[in-house]
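Asks: return atomic coordinates for the entry below.
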Amino acid sequence: MMLVLFFDRIGWPTSLPTSEKGSFIKSALREKLKALEEFSTSDSLSLRPGVEKFIDDALSEGVPVAILATYGRNGEKMSRSIIEKLGPERTSKTKIVGKEEVEGSLFGQLVLGKGVASSLDEQLVREAQKAASAEKQRIAEEVASILKLTVDITASESSEKIIATLRAGSEYVGCDVQNCVLVAGSQSGVLAAERIGMPCVVVRSSFTARAEFHSAKAVMDGFGGTDLTISKLLNKKWS
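Replies: A predicted model of the protein is given here:
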C-alpha cells in the first residue's frame, strides 16, 4: 500500500498500463527484498555501535541473552545474517529464537498446536475463530469502502506471532516474562511486550526517531555511554 501511495504521489511509469500496476508493485517488492538480502549479508552493513559490548557485558554478568529473529520486518533469513556479524563466540553463548525454536517451545506446542494432537472440539474452535476473523474483515471492508479507506484488521495475527516469540524467548532463557527485558526497536514489539507484562526498553533508529513509545520503560538512542547499558538494566535505571 505504501508503494501504491508513493507512485500515486510522484506518478507511475508512463509506459505502464493501468491493468499492470498490481504486477508492477509485486515486482518492485521482490526487487526490494532481494536488495535487502544482499545488503544484510554484505560487509558494508555494520552492527550498531556498542551492541557487541552490550552483549559481552550481559554475558559477563551472567545475564542470559536471547536474540529474537522471528518477527523482524525484514524476515528471519536477513535477521540471522545480521546476527552472524556478532561472531561465532557470541552467538554460541546466546539463544537465537527463530520460527523453528518458537514452534518447538512448550508455549508454541500448546498454543500454536505444533506437535500436539488436537481434539475435535479444539479444531472446531480454531475454525470458528478463523471464520469470525474473516467476517470482521468483510464488515470492516464494507465500512471502509463507504469512507473510501483501506482497512486490514489481520494485524492481530502478527501480534500473536510476536507474543509467541517473546514467550518462547523467555522460556529458552529460563525466566518468567516479568523478569525479562525486551530491547525493542519497533512499536509492534513494544505493544506485544505490554500485552504479556514483559518490561520493554526501546532503542531508537532513524525510522523511529520521532515515534512515541508510551508503554516502554525507557526510550534511548543507542547502546553504551549515556544510553542503554547492562548496568542500567540491572539497576533498573531506565533514564
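
Asks: centre of the chain to stretch 66-79, how far?
Replies: Between the centre of stretch 66-79 and the centre of its chain there are 7 Å (CA atoms, centre = their mean, to the nearest Å).

Asks: report the buried residues of that stretch.
Replies: Neighbour-count burial for stretch 66-79 flags 66, 67, 68, 69, 70, 71, 72, 75, 76, 78, 79 (criterion: 16 or more other CB atoms under 10 Å). For the C-beta atoms, the positions are set from N, CA and C on the backbone; glycine is no exception.

Asks: how about residues contacting that stretch?
Replies: Contacts to stretch 66-79, defined as CB atoms under 8 Å, 6 or more residues apart in numbering, come from residues 33, 36-37, 40-41, 80, 83, 94-99, 102, 158, 161-162, 165-166, 169-170, 172-173, 186, 188-189, 192.

Asks: can you show me the CA trace of it as CSV?
Replies: Listed in CSV are the C-alpha atoms of stretch 66-79, where the atom choice follows Å, rounded to 0.1, in the frame of the first residue of the first chain:
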residue,chain,number,x,y,z
ALA,A,66,18.0,-14.4,23.6
ILE,A,67,18.0,-12.8,20.1
LEU,A,68,14.6,-12.9,18.5
ALA,A,69,14.9,-13.5,14.8
THR,A,70,11.3,-14.3,14.0
TYR,A,71,9.3,-11.1,14.0
GLY,A,72,11.7,-8.7,12.3
ARG,A,73,10.2,-6.8,9.4
ASN,A,74,12.9,-8.0,7.1
GLY,A,75,12.3,-11.7,7.7
GLU,A,76,14.2,-14.4,9.6
LYS,A,77,16.7,-15.1,6.9
MET,A,78,18.0,-11.5,7.0
SER,A,79,17.8,-11.3,10.7
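
Asks: I'd like the next helix or strand past the helix-or-strand element of the chain with minimal mean pLDDT.
Replies: Of all the helices and strands that make up the chain, the one with the lowest confidence by mean pLDDT, DSSP states H and E is helix 120-147; it has a mean of 59. The element immediately downstream of helix 120-147 (helix or strand, assigned by DSSP states H and E) is helix 155-173.

Asks: sounds good, over and out.
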